[in-house]
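In: Coordinates for the following, if possible.
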Amino acid sequence: MSDWTDVIRTAVPVGGLMVFFWPLRKYIDDRNLHDWLRRFRGRAAVKTPMGEAAIEVAEQQGSSNNPASANLPAEPGAAMPGSQLPPPPRVAIQLIEDELRSDLEKIPQEARVPMLLRALADTRIRAGHEFVYNRIFGSQISALKALNERGPIPDHDAMREFEPLKTQFPEVYGKYEFGDWAGWLERMSMVTHQNGVYAITPLGRDFLFYLVDTGLTENKPL
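Out: Just a heads-up that it's a prediction; the model follows:
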């Protein structure tokens, strides 16, 4: 197999794990689609208006959780490993399952579970990074880069970096305070905050790598 797309295309459900497998992964890995999304996001990030739109994004930050760092929920009605899953809720899922099951027959039995776990982990973390990118502010990306380059930062230094934003974007940061701004990064598992010090996490570093790897712009509002 030449790349992760081939790995994911050959991965199939093993018990309850398939409930959480992203069936459209191979289509989302299409290079033409990535190029189009990169161009679209670059334009959208620069042209996103302030005011009500920015406040709406701040509200989304306040009510969101990172699917890459959260525990996988128990799926009602899901079968135990080794047994049959319930019928898929949508026909498209069934079609992808059938194709993956066919591809699985080409893979040695002992390699199937490790391959599925690796593909699932890669898919889940990419989905989490996509989720974060759709909500993160440009200033929060800058904060992650600073933590990655400079190392842990005490509270007072972090707050000093935040202060200019209140003047630059008063319509948002008049209500969305430092605790909300930094707390969202902590809730997304991008940073940790212990003993009055902020530090970047392995997931936060991987998010920065994801931005470079996918060519997504860091020039986002706020």
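
In: mind listing the strands for the protein?
Out: Using DSSP state E, the strands of the chain run over 153-154, 191-194, 197-200.

In: out of those, deepest packed?
Out: strand 197-200 (a mean of 18; mean count of other CB atoms under 10 Å). Where C-beta positions appear, they are placed from N, C-alpha and C, glycine not excepted.

In: roughly how far apart are the residue nearest to residue 206 when sequence neighbours are not counted and residue 198?
Out: Excluding its sequence neighbours, the residue lying closest to residue 206 (CB to CB, 6 or more residues apart in numbering) is residue 125, at 6.7 Å. The gap separating residue 125 from residue 198 is 22 Å, by CB to CB, to the nearest Å.

In: Low-confidence ranges, this structure, go.
Out: 1-60, 62-64, 69-83 (pLDDT under 70).

In: coming back round to it: correct me, but the residue nearest to residue 206 touches residue 205?
Out: No: the criterion here is CB atoms under 8 Å, and residue 125 misses it with residue 205 at 11.9 Å.

In: Could you report the neighbour count for residue 158?
Out: 21 (other CB atoms under 10 Å).

In: same thing with residue 219?
Out: So residue 219, with other CB under 10 Å, has 11 neighbours.

In: Now the phi/psi pair for it, please.
Out: Main-chain dihedrals, residue 219, degrees, to the nearest 10: phi -80, psi 70.

In: how about the helices in this structure?
Out: 4-10, 25-28, 31-47, 52-62, 91-104, 109-133, 138-150, 155-168, 170-173, 178-187, 202-214 (DSSP state H).

In: what residues are up against residue 66?
Out: By CB atoms under 8 Å, 6 or more residues apart in numbering, the contact set of residue 66 is 128, 131, 132, 187, 188, 189, 203.

In: can you tell me how far the nearest residue to it once chain neighbours are set aside sits from residue 151?
Out: Leaving out its chain neighbours, the residue that sits closest to residue 66 by CB to CB, 6+ apart is residue 188, at 4.3 Å. According to CB to CB, residue 188 and residue 151 sit 20 Å apart.

In: the more surrounded of the two?
Out: residue 188 (25 against 10).

In: That one and residue 179, how far apart?
Out: Residue 188 is 15 Å from residue 179, by CB to CB.

In: do the same with residue 155
Out: Counting by CB to CB, the gap from residue 155 to residue 179 is 11 Å.

In: Those two - which one has more neighbours?
Out: residue 155 (14 against 11).

In: can I assume that one is in contact with residue 197?
Out: Yes: Residue 155 lies in contact with residue 197 (CB under 8 Å); the separation is 7.4 Å.

In: Residue 211 reaches residue 144, doesn't it?
Out: No: in terms of CB under 8 Å, residue 211 does not count as a neighbour of residue 144; the distance is 9.3 Å.
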